[in-house]
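Peer 1: fold the following.
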Amino acid sequence: MTPHTTKTVRKAVVPAAGLGTRFLPATKATPKEMLPVVDKPAIQYVVEEASAAGLDDVLMVTGRHKRAIEDHFDQASELERALEAKGDLARLDAVRSASALARIHHIRQGDPLGLGHAVLCARSHVGDEPFAVLLGDDLIDERETLLKDMLDVRTRHGGSVIALMEVDPAQIHLYGCAAVAPGEQDGVVRVTGLVEKPAADAAPSNYAVIGRYVLDPQVFDVLERTEPGRGGEIQLTDAIEELAAKGEVRGVVFRGRRYDTGDKADYLRTVVRLACDRPDLGPEFRTWLKEFVSTLDLDLDLNPEGGRFAA
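Peer 2: The predicted model follows:
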């Protein structure tokens, strides 16, 4: 165990400085993290996950044109008074909930030098404490306990903990990839190495790193001396790989419900899945969706070359 093992993890870091180019033009003036997933911005789901796991201090690492994130997690007194005067208590509670999730702090990354650099920007806030990192492109279903499980592994064994998911080997080039060895408990492996986005024939496994980390503060010292890697950026994967070589990294294998909002198609699938699960929206929406899908099938039967909009 490291000297930091007994410290309780209370702080979370949420990198949110990306330009969101995959979603242009929607993200020209709106941060990609603020795009709605049903009726909440994507980043709120991430902060809710941190809060549910007992992390009550959240640092957003943002960039220019991200003021909307700060505003969302701030109080909106004028709006709250208006809703209260109308007696619209349900929406009032929804508006207030975002600012009550945790103590929210903000820092700017400045130069976009990669995820590792974004995490390093949190050093002055985190200090000499273990901390979690949650990436906004990965939404974990609220019914899952992934982050709590990772915190438990950190408490038991110390070191750093990363979330892993088995993927189709043909897709491993889209992820950081972990080399693993058996661990001390079911669902937990020892991470012996990491490679950022390897070719399928060079990947050490099909265990992909997904966007949840619980990191020992020694990662900051490693990041300080980590040279830019893939894409000319400081890669968090490279820093964790150095810790893994010392036997100080474990992986929690996740097999639950995860929603990827990293590109347009996955974002749309996420919205549909979460809307279907909502007790207030799901029954009506699922009925409409079934009818809509049946019309698509009919269109394809009538026009197998491309459906209703074919030339």
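Peer 1: quick one, strands of the stretch 101-250 of the chain?
Peer 2: With strands called from DSSP state E, counting those that start in this stretch, the stretch 101-250 of the chain shows them at 103-108, 131-134, 138-140, 160-166, 176-182, 188-196, 207-215, 249-253.
Peer 1: make CSV from these and add distance to residue 45 to it.
Peer 2: For every residue, glycine as well, the C-beta is placed using N, CA and C. CSV is the format used below for the strands of the stretch 101-250 of the chain (distance: least, C-beta to C-beta, whole Å):
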stretch, distance to residue 45
strand 103-108, 15
strand 131-134, 10
strand 138-140, 5
strand 160-166, 16
strand 176-182, 22
strand 188-196, 25
strand 207-215, 12
strand 249-253, 19
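Peer 1: domain map for the protein?
Peer 2: The chain breaks down by automatic domain parsing into domains covering 8-140, 145-255, 281-311.
Peer 1: pLDDT averaged over the shortest one, what's the number?
Peer 2: Confidence over domain 281-311 (mean pLDDT, whole number) is 75.
Peer 1: same check, this time on the second one
Peer 2: In this model, domain 145-255 carries a mean pLDDT of 91.
Peer 1: could you do stretch 97-116 as well?
Peer 2: Mean pLDDT, computed over stretch 97-116, is 90.
Peer 1: quick one on the thing from earlier: now mean neighbour count too, for the strands of the stretch 101-250 of the chain, in a markdown table please.
Peer 2: Formatted as a markdown table, those follow (neighbours: other C-beta atoms under 10 Å):
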| stretch | mean neighbour count |
| --- | --- |
| strand 103-108 | 15 |
| strand 131-134 | 24 |
| strand 138-140 | 23 |
| strand 160-166 | 24 |
| strand 176-182 | 19 |
| strand 188-196 | 21 |
| strand 207-215 | 24 |
| strand 249-253 | 24 |
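Peer 1: and the ones you listed: which comes nearest residue 289?
Peer 2: Closest to residue 289 of those, according to C-beta to C-beta: strand 138-140, at 20.0 Å.
Peer 1: partner strands of the closest one and their direction?
Peer 2: Sheet pairing of strand 138-140 (DSSP bridges) gives strand 258-260 (antiparallel).
Peer 1: which residues touch the partner strand?
Peer 2: Identification of contacts with strand 258-260 by C-beta atoms under 8 Å, 6 or more residues apart in numbering yields 37, 137-141, 144, 165, 210, 266, 269-270, 273-274.
Peer 1: which one of the residues you listed sits closest to residue 57?
Peer 2: Nearest to residue 57 among the contacts of strand 258-260: residue 140, at 19.5 Å, using C-beta to C-beta.
Peer 1: quick check: beta-bridge partners of the closest one?
Peer 2: For residue 140, the beta-bridge partners are residue 258 (DSSP bridges).
Peer 1: what about it, distance to residue 198?
Peer 2: Using C-beta to C-beta, to the nearest Å, residue 140 is found at 24 Å from residue 198.
Peer 1: likewise for residue 41?
Peer 2: From residue 41 to residue 198 the distance is 33 Å (C-beta to C-beta).
Peer 1: dump the residue contacts of residue 153.
Peer 2: 161, 188, 214, 250, 252.
Peer 1: of all pairs in the residues you listed, which one is the farthest apart?
Peer 2: 188 and 214 (12.4 Å).
Peer 1: can you redo the domains of the chain as JSON lines with distance to residue 261?
Peer 2: Output for the domains of the chain, formatted as JSON lines (distance: least, C-beta to C-beta, whole Å):
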{"stretch": "domain 8-140", "distance to residue 261": "5"}
{"stretch": "domain 145-255", "distance to residue 261": "11"}
{"stretch": "domain 281-311", "distance to residue 261": "18"}
